[in-house]
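Participant: Predicted model and sequence below, questions to follow.
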Amino acid sequence: YSKSITALENDEDDDLENTTNYMKKINEAILEQLIIKCNLPLSIIEHVNFRNFLKTLAPKWKSTSSRYFTNKLLPLLFDKAQNKMKCLLDDVTHLSITVDIWTDRRAKSFLGLTGHFIDSNYIPRAFLLDFCRLKGSHTGDNVRNMTEKTLEGLQITHKVYRIITDNAASMIKAYKFGLIVTSSHDILMNHDNDEEEHYESVESSDDASEFLRRWTLTDCHENEHDSNDIDGNIASRLSCFAHSLQLTVRDGVANVQCLSKCLLKCIKLAEWSHKSTKIADLLDDIGKSISQRTVTRWSSEYLLMKSILSLEKVNVDDITEILEDNEVKFNNNDFIVLQEAVELLEPFAEITVRVQSQSVVTAKAVELLEPFAEITVRVQSQSVVTASLVVPSVVHLLDHVNVMKTNLRILKSMCIQLEQSIHRRFAGIVKRLHQQSVNANDRFSDHIYFVCTFLDPEFKLYWLRQMKYSPACESKMKESLIQMVLDECDYGQNRSSNNLRETLSSFSSRSIDMNDSVVQSTRTTTDKKRKLFQYDDDSNGCNVSPNSLKSPMNEINAYLNDPLRCNFSLYWKNSQLHTLKNVVKRVYSIQATSAPIERVFSRAGIIMSPRRTSMREEVFRNLVFLRMNESLI
């Protein structure tokens, strides 16, 4: 009888343990899948309908308070994810960080840091390192101290290679000399007289010139210089490429009154399309829509112009007839201006998407702005390497505005202003392209952008043909690029110039003949535009035996002569160029923009909804951290 009692008690203990584990798994799934990943409020745990729903699916589940999730399960999950991140970062040799400040609905400020590195499979990885409360003034010292505290807590201060921020004065001051400032560091840079500029939301106005002066870029600051890498062990600050690109567009559209008048009409038309049911019905009948303008993104104006162009003038006239407002009516010249602007800014928009993963897609103004929007798209991507896009983007834009100048009827002054702004805001890159000496205070003066482009199989040296160099200048430029890579390889101090010439000679079969048909076609053909980052493949290289790779110079030679142009990660994962692979892991931790940390703030704004403003800071921080680091859960 006693044995039966004992066996029964053991069975009850097993059932209790199984039930406890069952409950634990359900509660963990609720937290991970619903609270964090679906952004449902913690209070849903105590909602009677949610409890009834869960009891239907899991009858053994016992009701739990939201306080249990907030005080116990959430901190445990946060600690688990943070420890996992620390373990992963222990194996990382170099990483770059993006830093920015965000203020929530309650006027409380937070400092966010994201870390970026290349993993063992040569795939870009990113984590939100911290999202911490920033109290007091947003001074450079305060920002730097908070950054150092976070990095020291993760024991990765010595691993930080570059710091990418926007161009706010506090960020520039905080990381002027990287993360370390000593008394021996004299100020090497002369600051521009440009001050931080805040751009207000634009209301409808009859003053077209005033409107144009205030057009777009409400979240950007005037660009300052990148900090100099004073010590090889000190991470230097790099400017956000996308912010600088937006400022370039702003410079281009400044004082172009014919464009400002067209944009005012476009904005008014867009506003009415979302207020008038008659216009909404008309748009629905033709299967079209008018994009809304967002004051914080210049590319929204580009999309707005493009969407109005797609309506065609006959439909636009029908819409304006409904409004009975002569100020909104579009004439033929307006459509020419729009077309030129869109065509001119198209590459800018595409590059913006490439570097930020933003969806950007108005008849001549559209053509003018198209490249700018295209570039903005590409250089803000998070799932692909973006640092290698900076130099080819600048080269493409210079070529684009140079070709467009001969094709424009009305916006030629805008084209010239864009060209001048590119030369000013990307002076370091432009000077290197023209083989001029680069000053310490030149914007984008860091040579690392050229190294990244060189080591991207998509680009290598193919992009040089768009510069239309003479054979002598091209050879000199290649020599300079190879020397930059050799410097990054840190291979001794006695590299022979003969070896460098041998490498250039071995690659000469693919050098660009400046008198061939490639140059002629770009000069004479105006109907066919050059696509972004697409180059004629005339490579005749051959594979090199791994046994012959005894030095960085030999590896560079093998790399340049390799005709393979595949995906970045696939190429370097399978590559046997070990010295170059080490360089790739280091330099490709760099992000072209500060878009990653801005995505964190966007997600934080969703979590901190108007209904959740009473949320405790610790809970808010944990939720943001876990939401952005889902892969660690």
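Facilitator: Yep, that arrived. Since we're looking at a predicted model, the values are computed, not measured.
Participant: can you give me the helices in the stretch 151-300 of the chain?
Facilitator: In the stretch 151-300 of the chain, the helices defined using DSSP state H, counting those that start in this stretch lie at 169-174, 208-213, 241-253, 257-273, 277-286, 298-323.
Participant: Give me the residues contacting the fifth one.
Facilitator: Residues outside helix 277-286 that contact it (CB atoms under 8 Å, 6 or more residues apart in numbering): Trp272, Ser273, His274, Ser289, Ile290, Leu311, Asn315, Asp318, Ile319, Ile322, Leu323. Every C-beta, even on glycine, is put in place using the N, C-alpha and C of the backbone.
Participant: can you dump the C-alpha coordinates of that helix into CSV?
Facilitator: Extracted in CSV, the C-alpha atoms of helix 277-286 (Å, rounded to 0.1, in the frame of the first residue of the first chain):
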residue,chain,number,x,y,z
THR,A,277,-14.0,62.7,-52.7
LYS,A,278,-14.5,63.8,-56.3
ILE,A,279,-10.7,63.8,-56.9
ALA,A,280,-10.4,60.5,-55.0
ASP,A,281,-13.0,59.0,-57.3
LEU,A,282,-11.4,60.4,-60.4
LEU,A,283,-8.0,58.9,-59.4
ASP,A,284,-9.6,55.6,-58.6
ASP,A,285,-11.2,55.5,-62.0
ILE,A,286,-7.9,55.9,-63.8
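Participant: could you check the angle helix 298-323 makes with it?
Facilitator: Orientation check (axes from the mean of the first three to the mean of the last three CA atoms, to 10 degrees): helix 277-286 against helix 298-323 gives 110 degrees.
Participant: Next, the buried residues of helix 277-286.
Facilitator: If you call a residue buried by 16 or more other CB atoms under 10 Å, then helix 277-286 has these buried ones: Ile279, Leu282, Leu283.
Participant: chain center to that helix: distance?
Facilitator: 36 Å (CA atoms, centre = their mean, to the nearest Å).
Participant: got it, and the longest one?
Facilitator: Relative to its parent chain, helix 298-323 has a centroid offset of 29 Å by CA atoms, centre = their mean.
Participant: pLDDT of whichever helix or strand comes after that helix, averaged?
Facilitator: Later in the chain than helix 298-323, the nearest helix or strand by DSSP states H and E is helix 332-354. Here helix 332-354 scores 89 as its mean pLDDT.
Participant: What is helix 332-354 packed up against?
Facilitator: On a contact count with 3 or more CB pairs under 8 Å, 6 or more residues apart in numbering; DSSP states H and E, helix 332-354 meets helix 241-253, helix 257-273, helix 298-323, helix 390-404, helix 412-425.
Participant: could you say what helices and strands the fourth one packs with?
Facilitator: By that I understand helix 390-404. Short answer (3+ CB pairs under 8 Å, 6+ apart): helix 390-404 packs on helix 241-253, helix 332-354, helix 412-425, helix 427-433, helix 448-454.
Participant: Can I get the buried residues of helix 277-286 in a markdown table including distance to His400 and pLDDT?
Facilitator: Output for the buried residues of helix 277-286, formatted as a markdown table (distance: CB to CB, whole Å; pLDDT from 0 to 100):
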| residue | distance to His400 | pLDDT |
| --- | --- | --- |
| Ile279 | 35 | 88 |
| Leu282 | 35 | 89 |
| Leu283 | 32 | 89 |
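Participant: Thr579: which of these is nearest?
Facilitator: Leu283 (58.5 Å; CB to CB).
Participant: how much space between the closest one and Ser291?
Facilitator: From Leu283 across to Ser291, the span is 12 Å (CB to CB, to the nearest Å).
Participant: again with Leu245
Facilitator: Separation of Leu245 from Ser291 (CB to CB) stands at 20 Å.
Participant: Kindly report the same for Val92.
Facilitator: Val92 is 41 Å from Ser291, by CB to CB.
Participant: With Gln435 instead?
Facilitator: In this view, Gln435 and Ser291 are 42 Å apart by CB to CB.
Participant: Then Asp317?
Facilitator: In terms of CB to CB, Asp317 sits 19 Å off from Ser291.
Participant: Have a look at the two and say which one is more surrounded.
Facilitator: Set Asp317 next to Ser291 and count neighbours by other CB atoms under 10 Å: Ser291 wins out with 21 against 12.
Participant: confidence score at Glu367?
Facilitator: At Glu367, the model reports a pLDDT of 56.
Participant: likewise the one 10 residues further on?
Facilitator: At Val377, the model reports a pLDDT of 59.
Participant: re earlier: least reliable of the helices of the stretch 151-300 of the chain going by mean pLDDT?
Facilitator: Looking at these, the weakest mean confidence is helix 208-213, a mean of 40.
Participant: In this structure, where is pLDDT below threshold?
Facilitator: For the chain, applying pLDDT under 70 flags the ranges 1-17, 169-235, 295-296, 356-384, 491-531, 533-550.
Participant: quick one, domains of it?
Facilitator: When the chain is parsed with automatic domain parsing, its domains come out as 2-64, 70-141+596-633, 246-439, 462-587.
Participant: deepest of those, which one?
Facilitator: Of the domains of the chain, the one with the most neighbours on average (mean count of other CB atoms under 10 Å) is domain 246-439, at a mean of 21.
Participant: Quick one: end-to-end length of it, please.
Facilitator: 23 Å (CA to CA, to the nearest Å).
Participant: re the thing from before, can you lay out the contacts of helix 277-286 as a markdown table showing distance to Arg586?
Facilitator: Output for those, formatted as a markdown table (distance: CB to CB, whole Å):
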| residue | distance to Arg586 |
| --- | --- |
| Trp272 | 53 |
| Ser273 | 50 |
| His274 | 49 |
| Ser289 | 46 |
| Ile290 | 46 |
| Leu311 | 49 |
| Asn315 | 54 |
| Asp318 | 58 |
| Ile319 | 55 |
| Ile322 | 60 |
| Leu323 | 58 |
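Participant: tell me which of the residues you listed is nearest to Lys37?
Facilitator: Among those, and counting by CB to CB, the member closest to Lys37 is Ser289, at 30.8 Å.
Participant: And the closest one, its phi and psi?
Facilitator: Reported as degrees, to the nearest 10, the phi and psi values for Ser289 are phi -150, psi 160.
Participant: Tell me which stretches of the stretch 1-150 of the chain form strands.
Facilitator: Secondary structure of the stretch 1-150 of the chain (DSSP state E, counting those that start in this stretch): strands at 95-103, 109-118, 124-133.
Participant: who does the shortest one touch, helix- and strand-wise?
Facilitator: Spelled out, it's strand 95-103. strand 109-118, helix 140-154, strand 160-165, helix 169-174, helix 595-607.
Participant: Quickly run through the sheet partners of that strand, with directions.
Facilitator: strand 109-118 (antiparallel), strand 160-165 (parallel) (DSSP bridges).
Participant: possible to save those as CSV with distance to Leu238?
Facilitator: What follows is the strands paired with strand 95-103, written out as CSV (distance: least, CB to CB, whole Å):
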stretch, distance to Leu238
strand 109-118, 12
strand 160-165, 5
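Participant: and Phe601, which of those is closest to it?
Facilitator: When those are compared by CB to CB, strand 109-118 sits nearest Phe601, at 6.5 Å.
Participant: relative to strand 124-133, how tilted is the closest one?
Facilitator: Interaxial angle, strand 109-118 versus strand 124-133 (the same axes, to 10 degrees): 160 degrees.
Participant: okay, the angle between strand 109-118 and helix 140-154?
Facilitator: Strand 109-118 and helix 140-154 are oriented at 50 degrees to each other (the same axes, to 10 degrees).
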